[in-house]
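K.L.:
Provided below are the primary sequence and the corresponding predicted coordinates.
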Amino acid sequence: MTRTAIVSALHDELASVLALMPDEHRQVVGGREFWVGHLHGQDVVAVLSGIGKVAAATTATLLIQRFGVARVVFTGVAGGLGPQVKVGDVVLARSFLQHDMDASPIFPRHEVPGYGCSRFAADEALADALELACERMLLTLPGQLPQATVEVFGLQAPRLHQGLLLSGDRFVATSVESQALQRELPEALAVEMEGAAFAQVCHDFGVPLAVVRTISDRADDLAHVDFPRFLREVASRYSGAIIEALFHR
């Protein structure tokens with residue numbers, strides 16, 4: 001049976017996934033808790049990625065080498081960069097880039113040494129399936145959120161965006177930083193800390209990857225919102241509903 005990895009960035013999101021698994025059991029490898037079981041009859045393993053590119057790469061490698069996953073689906077949160085990307089929107093990655101990769105002048109800025117490229121692509125078929133799951137979620141869940149949640153986070157008609165996702169070992173949370181990224185990489189929709197590392201490892205092993213991120217802030221001076229509340233009341237519910245829609249087809 002083909003095994004799917006379901007990866008979350010934070011505990012509340014993983015809990016929403018584990019709630020969908022009726023028979024999960026825990027295995028600890030490399031200091032990480034992997035939850036092996038089934039979701040709608042499909043063989044899955046769920047795990048937290050860890051924060052940052054090194055932790056993410058270790059987790060991705062363990063999933064492939066130790067648990068034999070045939071595909072990886074990642075859900076998490078990110079800061080919005082694209083001018084049209086708002087809090088509460090969803091970004092589906094179609095490509096990944098490490099914004100802090102810089103081996104110049106030996107290699108062009110952002111190019112990953114040894115690969116001859118700066119961008120890694122998401123798996124088209126898996127991303128297409130995740131796109132449908134996101135659209136199904138957006139048709140129903142936002143309207144079910146408490147009005148107080150909608151008002152405090154300004155959630156108005158959340159949308160799905162698809163394109164370039166940036167990753168780096170720096171939490172981007174100032175307008176100076178986010179504007180610099182927007183000028184340098186105007187195609188970028190959002191920024192986080194793990195996706196591009198997963199993309200590089202999955203590329204190395206030939207394992208399909210798709211990543212979806214809920215926008216929690218605009219990665220600027222106004223980014224210091226009530227993040228625990230957003231995670232609990234919005235992002236974790238988005239993640240659970242997207243995974244449910246992906247597997248319940």
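P.N.:
Cool, the structure landed. Numbers count the residues shown, from 1 in each chain.
K.L.:
where in this protein is pLDDT low?
P.N.:
Within the chain, the ranges that satisfy pLDDT under 70 run 1, 223-224, 249.
K.L.:
any chance you could map the helices in it?
P.N.:
Secondary structure of the chain by DSSP state H: the helices cover 11-18, 53-65, 124-140, 147-153, 175-184, 195-205, 227-230, 236-247.
K.L.:
right, and these - which one's nearest S167?
P.N.:
Taking CB to CB as the criterion, helix 195-205 is the member of the helices of the chain that comes nearest to S167, at 3.6 Å. No exception for glycine: its C-beta is placed from N, CA and C like everyone else's.
K.L.:
how about S167, what does it touch?
P.N.:
By CB atoms under 8 Å, 6 or more residues apart in numbering, S167 lies in contact with K53, F96, L97, Q98, H99, V191, E192, M193, E194, G195, A196, A197.
K.L.:
circling back to that earlier point, could you redo the helices of the chain as CSV and give each row mean neighbour count and distance to V28?
P.N.:
What follows is those, written out as CSV (neighbours: other CB atoms under 10 Å; distance: least, CB to CB, whole Å):
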stretch, mean neighbour count, distance to V28
helix 11-18, 20, 15
helix 53-65, 20, 11
helix 124-140, 17, 28
helix 147-153, 14, 35
helix 175-184, 14, 36
helix 195-205, 24, 20
helix 227-230, 15, 26
helix 236-247, 23, 23
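K.L.:
Kindly reformat these as JSON lines and extend each row with distance to G114.
P.N.:
Formatted as JSON lines, the entries for those read as follows, by distance: least, CB to CB, whole Å:
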{"stretch": "helix 11-18", "distance to G114": "32"}
{"stretch": "helix 53-65", "distance to G114": "15"}
{"stretch": "helix 124-140", "distance to G114": "24"}
{"stretch": "helix 147-153", "distance to G114": "42"}
{"stretch": "helix 175-184", "distance to G114": "23"}
{"stretch": "helix 195-205", "distance to G114": "10"}
{"stretch": "helix 227-230", "distance to G114": "36"}
{"stretch": "helix 236-247", "distance to G114": "33"}
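K.L.:
Compare the ones you listed and give me the one nearest V90.
P.N.:
Closest among these, using CB to CB: helix 124-140, at 5.3 Å.
K.L.:
list the contacts for the residue nearest to A190 when sequence neighbours are not counted?
P.N.:
Here the nearest residue to A190 in space, its sequence neighbours aside, is A78; by CB to CB, 6 or more residues apart in numbering that works out to 4.0 Å. Neighbouring residues of A78 by CB under 8 Å, 6+ apart: V91, L165, A190, V191, E192, R213, T214, I215, S216.
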